[in-house]
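# Sequence isn't available, so here's the structure alone:
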């Protein structure tokens, strides 16, 4: 009996891992992923365990497969984990990606061992050394101001995209924080409730007047919405009204930075770094300001 990849990636939303069988190996995978607070961590760790099974056993996650893996001896388990690491290296994945997958596998094994479902550990399987970026500089304030001129605010899409850019810079938000926003999280008085990285409760932040106006204009142009609807939604005919995802925001940033003539790869995270640096420079390093 094979558990689908989707079930492995979404153990909280779909209870098939825990309910389809009483096998401890399947239950422990579901419980392991369920303990992760961040939805992004659940997704990445679920993908890592699935990837391990596919590369090492050439199979999807299944009851028999996890039972077989957790029943290995210490030398056998370490050998398989090292083989997996080598396959990831040969696939030319980024060291940071490899380390996430290895960390997920090691964390899963540690959890299974604590639950007395296996007798080995993967402490001897080391992660890769991640070299620092060659270019850690951000973009200049003037460059971002040029980006803000790109969205055509005579269109509803331009109004939406401009509001997203303002949030990325004025509040240095991560793209996932923007994607997770609901309409009800926005207060026209200039407050926004966000779910920060690794958090389980939302916290309120202050918005600049320009950002408050930009979001208000987007909601006015959008018109028909409920408080539970995503704050930023797709305008494409095929997925209209659906929540924007991180890849869409990434593409928007790349598109606008190229149009503004910025000669480096600009990502939402680079904007976040640039904004924080700009604020530190403007305040002479006064973090509270």
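Alright, I've got the coordinates. Since this is a predicted model, take the numbers as computed values, not measurements.

# Below-threshold pLDDT in this protein: ranges please.
Where the chain drops to pLDDT under 70, the residues are 1-26, 37, 131-137, 287-289.

# Helices of that one, residue ranges please.
Counting by DSSP state H, the segments of the chain that form helices are 5-9, 16-19, 24-34, 39-57, 63-70, 74-90, 95-114, 141-148, 156-170, 175-179, 209-222, 246-259, 268-282.

# closest one to residue 237 among those?
Smallest distance to residue 237 across the helices of the chain (CB to CB): 12.4 Å, for helix 156-170. C-betas here are computed from N, CA, C, even on glycine.

# Give me the buried positions along the closest one.
156, 159-170 (16 or more other CB atoms under 10 Å).

# Can you tell me which of the helices of the chain is nearest to residue 188?
That would be helix 209-222 among these, by CB to CB, at 5.7 Å.

# Could you report the neighbour count for residue 230?
Residue 230 has 17 neighbours, counted by other CB atoms under 10 Å.

# As TSV, the buried residues of helix 156-170 with distance to residue 36 would be great.
Shown next, in TSV, are the buried residues of helix 156-170 (distance: CB to CB, whole Å):
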residue	distance to residue 36
156	37
159	36
160	31
161	32
162	34
163	31
164	27
165	31
166	31
167	26
168	26
169	30
170	30
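
# still on that earlier bit, would you convert the helices of the chain into TSV that also reports distance to residue 128?
Compiled in TSV, the helices of the chain are given as follows (distance: least, CB to CB, whole Å):
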stretch	distance to residue 128
helix 5-9	24
helix 16-19	30
helix 24-34	23
helix 39-57	15
helix 63-70	22
helix 74-90	8
helix 95-114	4
helix 141-148	33
helix 156-170	30
helix 175-179	25
helix 209-222	39
helix 246-259	24
helix 268-282	21
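
# Looking at those, which is nearest to residue 198?
With CB to CB, the closest approach to residue 198 among those belongs to helix 39-57: 7.8 Å.

# That closest one: which residues count as buried?
Going by 16+ other CB under 10 Å, helix 39-57 has these buried residues: 41-42, 44-53, 56-57.

# again with stretch 191-200
For stretch 191-200, by 16+ other CB under 10 Å, it's 192, 194-196.

# quick check, nearest of these to residue 176?
residue 195 (8.7 Å).

# The closest one contacts residue 180, doesn't it?
Yes: Residue 195 is within contact range of residue 180, at 5.2 Å (criterion: CB atoms under 8 Å).

# And the helices of the chain: which comes nearest residue 234?
helix 246-259 (7.4 Å).

# tell me how far that closest one is from the chain's mean position?
Chain-centre distance of helix 246-259: 16 Å, with CA atoms, centre = their mean, to the nearest Å.

# outside of it, which residues touch it?
139, 143, 147, 150-151, 161, 164-165, 168, 175-176, 178-179, 234, 265-268, 271 (CB atoms under 8 Å, 6 or more residues apart in numbering).

# Between the two ends of stretch 186-197, how far is it?
Taking CA to CA, to the nearest Å, stretch 186-197 runs 18 Å from one end to the other.

# and it, how far from the chain's centre?
With CA atoms, centre = their mean, you get 19 Å for stretch 186-197.

# what sits up against that stretch?
When contacts are defined by CB under 8 Å, 6+ apart, stretch 186-197 is touched by residues 38, 171, 173-174, 176-177, 180-181, 185, 201-209, 212, 215-216, 219, 231.

# Give me the buried subset of these.
Among the contacts of stretch 186-197, the ones that count as buried by 16+ other CB under 10 Å are 38, 171, 173-174, 176-177, 180-181, 185, 202, 205, 207, 212, 215, 219, 231.

# Could you check how far the closest residue to residue 97 other than its chain neighbours is from residue 60?
Nearest residue to residue 97, sequence neighbours excluded (CB to CB, 6 or more residues apart in numbering): residue 88, at 7.7 Å. Distance, residue 88 to residue 60, by CB to CB, to the nearest Å: 18 Å.

# still on that earlier bit, from residue 160, how far out is the residue nearest to residue 97?
The gap separating residue 88 from residue 160 is 38 Å, by CB to CB.

# quick one: buried residues of stretch 249-269?
For stretch 249-269, by 16+ other CB under 10 Å, it's 249, 252-253, 256-257, 260, 262, 266, 268.

# Same check on stretch 241-250?
Applying a neighbour-count criterion of 16+ other CB under 10 Å, one finds 243-244, 246, 248-249 buried in stretch 241-250.
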